[in-house]
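A.B. asks: what would the 3D arrangement of this be:
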Amino acid sequence: MPQQPQSQYRPENAAQPVAADPEYAAESLPQSESPSQSSSEAQSAAQTPSHPSPSQAQQQSEAQMHHEAQMPQSQLPPQTHSQMPPQPADSADSAYTAYPVLPAYPAPPAYPPYFPQIFPPAQFAQMLPQQWQAWWQNKRRARAAKHDYSIVGWALTLIIGVWMVGSFLVMVGVSLSKNSESIPNGVLLLLSNLPLYAIAMPLSLLVLRNVPRLATKRFDMSPGTFIKLFVATVPIMYIGAILGNLVAAPFSAEDTLDSALMNTDYVSLFLLTCVCAPIFEEWIFRKEIIDRTRKYGEKTAIIVSALCFGLFHGNVRQFFYAFGLGLILGYMYVRTSKLWYSMLMHALVNLNGGVISIWVTSQIDDKALSRAMEQSADATMREVQRQLGGVIIVGVYAVIMLALFIAGIVILVRNRKRFVFFDAPEQLEQGTGVKTALGNAGMIVFLVIGILMTISALVMSQIPADGPGDVGGAGSATMLLQMLGVLLG
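C.D. replies: Prediction:
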């Protein structure tokens, strides 16, 4: 929510019609044959006394006719058709004899197939009636948007496929190792995500490079605005977690990932949730996706990026708050075009939900408290006194998060009209952005795969109940960790 946001789109990035041939437009007449020079030369030639005056010529002609009339017919000279002396060419005509010929434009490509960067030519659109040109531009932009968003969908599908195959190979390698039972949970968690961050995401650039980026200006974000947006993520995360738990409640399952995280060392948790996840996920879902699709509309690019980010986690409990967080992160990146802002925000959110919250909950024995509460009030008081230090830590943390929750609600309500969006160079028609972005082959395939991953996690009872904290994509690896546990067992 910058105070004075400015449009980031440079004029040269806007869609411009193809100009005329520069060589043809810049060509001029030869200086030696310019009209002014030719006219002056004709006037000087007319004033030169190389021929007799009109009165002298008339007297000579009458005398010759009188002389020939008195001569006999036989003595008359033979009639010959004398050639007229060459007349000087008109100076204006001679000046344009070398005028260049109108250049012939190449034939436009067939329709289909088409290439969104070159079709349709601006000359063809300009030939249409005025009332049809707007319709044609919208048609061209919609087809180009479907083409580019489809490539994004195929790239995300490639990431999931390579990640699954790589994680399976990692599981097989770990299961075949001699010391598999002694490998810590943190190492297993890092190994399961290694194919994602080291292979799958970089490999997706081979597909994404077919969609050009839109160059934009960069802006700074004030510390106050950054803090406000961070506080605004707290209610979004908790409300999303509540919705996810309500949807997953009929499919209550063992908290396999939560147990794995609770038994993971904090160094591995920090590396996964606060280093790897913010860097690689923001790079793909914000920079690579938004930079290549924002030319069709900022809101559409942010919503699609957040939707893909939520589905990528692969389970219901993480989907809702991941989607909400993706909206905030996408808006930050669109308004600044600087990736480190969203990376830092993502790291802070993961630090709270993936490290601090786990450390806080580990300070008390919740099972012992539950048993004491079932017995009597005196037993409960004795247990609270025994765990007084941990109870204080949990209480302080709960009060802080409650205050942030209320403050975040106030910030979102008061600043709901301060979120600014600008029209992009290839802005789609209002109300058609999301439909166009998702209604193509690549995105449909990715959506189907993401939904199937979520449903399979529900059916197989492998959904983590990790609360409002994002675990940097580790929720998607729950099935892999469960399979790995089976192999190790």
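A.B. asks: contact partners for A368?
C.D. replies: By CB atoms under 8 Å, 6 or more residues apart in numbering, A368 lies in contact with 383, 387. C-beta here means a position set from N, CA and C on the backbone, and glycine is covered the same way.
A.B. asks: 6 Å instead?
C.D. replies: E383 (CB atoms under 6 Å, 6 or more residues apart in numbering).
A.B. asks: with the one 3 residues further on instead?
C.D. replies: Applying CB under 6 Å, 6+ apart to R371 gives no contacts.
A.B. asks: which element, helix or strand, includes it?
C.D. replies: Element membership for R371, per DSSP states H and E: helix 366-375.
A.B. asks: next, the buried residues of that helix.
C.D. replies: Applying a neighbour-count criterion of 16 or more other CB atoms under 10 Å, one finds 369, 372 buried in helix 366-375.
A.B. asks: need the longest helix for the chain.
C.D. replies: Using DSSP state H, we find that the single longest helix of the chain is helix 130-176.
A.B. asks: for Y321, see how far away L458 is.
C.D. replies: 17 Å (CB to CB, to the nearest Å).
A.B. asks: and these two? Which one has more around it.
C.D. replies: Using other CB atoms under 10 Å, the more surrounded residue of L458 and Y321 is Y321, with 27 against 17.
A.B. asks: how much space is there between the more buried one and Q375?
C.D. replies: In terms of CB to CB, Y321 sits 36 Å off from Q375.
A.B. asks: now swap in I392 and tell me
C.D. replies: Counting by CB to CB - I392 and Q375 are separated by 23 Å.
A.B. asks: and what of A200?
C.D. replies: 51 Å.
A.B. asks: then D291?
C.D. replies: In terms of CB to CB, D291 sits 59 Å off from Q375.
A.B. asks: for R213, same thing?
C.D. replies: For R213 relative to Q375 (CB to CB), the value is 63 Å.
A.B. asks: for P184, same thing?
C.D. replies: The spacing between P184 and Q375, counted by CB to CB, is 36 Å.
A.B. asks: same deal with Y341?
C.D. replies: In terms of CB to CB, Y341 sits 51 Å off from Q375.
A.B. asks: ok, now V187?
C.D. replies: 40 Å.
A.B. asks: then L194?
C.D. replies: Distance from L194 to Q375, by CB to CB: 47 Å.
A.B. asks: what about the closest residue to A322 other than its chain neighbours, how many residues nearby?
C.D. replies: Distances taken as CB to CB, 6 or more residues apart in numbering put G310 closest to A322, at 4.3 Å, once the chain neighbours are dropped. By the criterion of other CB under 10 Å, G310 has 24 neighbours.
A.B. asks: tell me the secondary structure at G310.
C.D. replies: helix (DSSP: H, G, I helix; E, B strand; the rest coil).
A.B. asks: that one contacts Y321, doesn't it?
C.D. replies: No - counting by CB atoms under 6 Å, G310 does not reach Y321; the two are 8.3 Å apart.
A.B. asks: now T264: phi and psi?
C.D. replies: phi -100, psi 140 (degrees, to the nearest 10).
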